[in-house]
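Colleague: Any chance you can model this:
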Amino acid sequence: DKSIIQEMVLRWYTFRLAEHYFWYTFSLAYANEVELDEKIQWNETLQKHADILNKSKLILNEKELADYAFESLFEETGEFIRKAKTKEFHIAFVGAIKAGKSTLINSFLGRNLASISVTPETAALTKFRASKDKDYIKLKFYNKKEWTNLWKSIDDSQSDIFKREYLALEADKIKDKWVGADDKKLCFEDQEEFKEAIKKWTSSKKAAHYFVKEVEIGLKDFSLPERVVFIDTPGLDDPVEYRSKITREYIDKANAVLVCIQADAMTGQELSTIYRVFSNTAHNPAKVYIIGTKLDNLNKPLIDWKEQQREWLKRLEEDACYGDQELAKNNLLSVSAYMYNMLKQYDNLSEDIIDYELEPMTKKFRVKNIETNFSKLFELTNVAKIKDKIKNEIINKHETIFLNDLTEHYENIKFDLVNVFQNIKSENQELLQITDEDIQEIKNKKIESLNRLKESKKEKEELEETLGEIRRFTQKRAQELSNFIVDLL
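Modeller: Residues are numbered from 1 along each chain as shown. Purely as a prediction, here's the structure:
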């Protein structure tokens, strides 16, 4: 009977709508109870946010609502919950290849653990954090799908250098051993064995590094809070697009970003790196610090840097970067980490290195006698100044910053959820209003609603693709500008 069918349809939609809106209303009410105050223990607050998002995700996973949710919404929800569970505060070191990222990290650590060489080094994303007992290395390997995508990226970029080095190191012989392998943890007592193991798994000159997606290095004498993690990233201009993409994504995820740019020039390459970083900071430029590395490359560092600084600030004050003069001044720094690290190891340096590497650097700073001017030279490297700045402005406030970052992330997801649920409500109300009409009309309305939803999704995908094309075009033009300037020089 037609009236019975209509009644069943009405009851079914009423029941489903009531059930979904019970959870939706509950979620929003629950969210409003959370006082976003730094006095509240941040893990409790984040747990409440995660509970709300988990419930919303379960609702949208219902088969009747599967067509309404965007895949990106689920991805963002998963990323938020992952951050809330790990409770890690990430300070990312990013920049072009050979910009001095690893050398700067070593100066912060007080020992040479991040891989450095005259050739490009960091190929895998590397984390440094505190360990409660022994020094350790944790390894995550590419699974088969990720390895296929990485190799496709190599083919697309026509990276002949990568392929030649891969073949030269005979890496293919050990590929099956490591691609898809389980996570691995290695503990160490001996420091030399520890350093060699780090080099094996992070250096671009070791075959095993090709198959490592992420390395975590735990240090028992790491003086920073347990949840604070330093991240050494592959170069933003890595010839393997898959790896440089990992770095670009990390810029947005990180709670603070230290951008390493060589201090001796502001070329198209450096500008390209800076603009790339600010385009991935989620409208939060204050978390970005620009570090002019390799200060000792300048002929007269103390004088030349002041001139460089004025030129850099003209760019950094623009809306595309900080958009604020004072913020740009505060977050622009310079450093000579290599000289600092050599001074730290002075007693173990050979005469050859002292005579032909260290002394020429110190003379640029107008210091002749190294041994009687250690304190002055250490101060001139600016490492201590940067460490104090990072400590006071980031590390000492990391819990508050972490909560604020995740709160903002949560609010963005909640905004999208509200729109999704409002869409569900409006479209189901239409169906409820016509339950006294023909059953076929109800089906037609449902099809029409889903078609509108598909069109909306398609428009969003096209917009995202267009933005991607614009970003790729901008990066290409920046690289062309960089090459043009290099040719002129």
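Colleague: Just give me the neighbour total for the closest residue to residue 90 other than its chain neighbours.
Modeller: Excluding its sequence neighbours, the residue lying closest to residue 90 (CB to CB, 6 or more residues apart in numbering) is residue 254, at 4.5 Å. Where you see a C-beta, it was placed from the backbone N, CA and C, and this is true even at glycine. When counting by other CB atoms under 10 Å, one arrives at 23 neighbours for residue 254.
Colleague: mind listing what residue 254 touches?
Modeller: Going by CB atoms under 8 Å, 6 or more residues apart in numbering, residue 254 touches 90-92, 231, 287.
Colleague: Backbone dihedrals for it, both of them.
Modeller: Note on residue 254: its backbone torsions stand at phi -70, psi 150 [degrees, to the nearest 10].
Colleague: which one of the contacts of residue 254 is nearest residue 389?
Modeller: residue 91 (12.3 Å; CB to CB).
Colleague: Does that closest one touch residue 394 like I think?
Modeller: Yes: assessed by CB atoms under 8 Å, residue 91 is found in contact with residue 394 at 6.7 Å.
Colleague: Give me the common contacts of those two.
Modeller: 255-256.
Colleague: ok, those two, which is more surrounded?
Modeller: Between residue 91 and residue 394, counted using other CB under 10 Å, residue 91 has the larger neighbour count: 23 against 18.
Colleague: mind checking the SS state of that one?
Modeller: At residue 91 the chain is in strand, as set by DSSP: H, G, I helix; E, B strand; the rest coil.
Colleague: what does residue 368 give?
Modeller: Classified using three-state DSSP, residue 368 is coil.
Colleague: quick one: it from residue 360, how far?
Modeller: From residue 368 across to residue 360, the span is 11 Å (CB to CB, to the nearest Å).
Colleague: ok, for residue 195, nearest residue in space, not its chain neighbours?
Modeller: Closest to residue 195 by CB to CB, 6+ apart is residue 113, at 6.6 Å.
Colleague: The one you found touches residue 107, doesn't it?
Modeller: No: using CB under 8 Å, residue 113 makes no contact with residue 107, being 11.2 Å away.
Colleague: And these two? Which one has more around it.
Modeller: Shown here are residue 113 and residue 107; by other CB under 10 Å, residue 107 has more neighbours (27 against 22).
Colleague: Double-check that the more buried one belongs to a strand.
Modeller: No: in this structure, residue 107 is helix, not part of a strand, as judged by three-state DSSP.
Colleague: confidence score at it?
Modeller: You'll see residue 107 listed with a pLDDT of 89.
Colleague: That one reaches residue 340, doesn't it?
Modeller: Yes: with contact defined as CB under 8 Å, residue 107 counts as touching residue 340 (4.8 Å).
Colleague: any common contacting residues for the two?
Modeller: 381, 383.
Colleague: count of residues packed around residue 249?
Modeller: Number of residues near residue 249 (other CB under 10 Å) recorded here: 12.
Colleague: Which helix or strand contains it?
Modeller: helix 241-253 (DSSP states H and E).
Colleague: Can you name the next helix or strand after that helix?
Modeller: Following helix 241-253 in sequence, per DSSP H and E, is strand 256-262.
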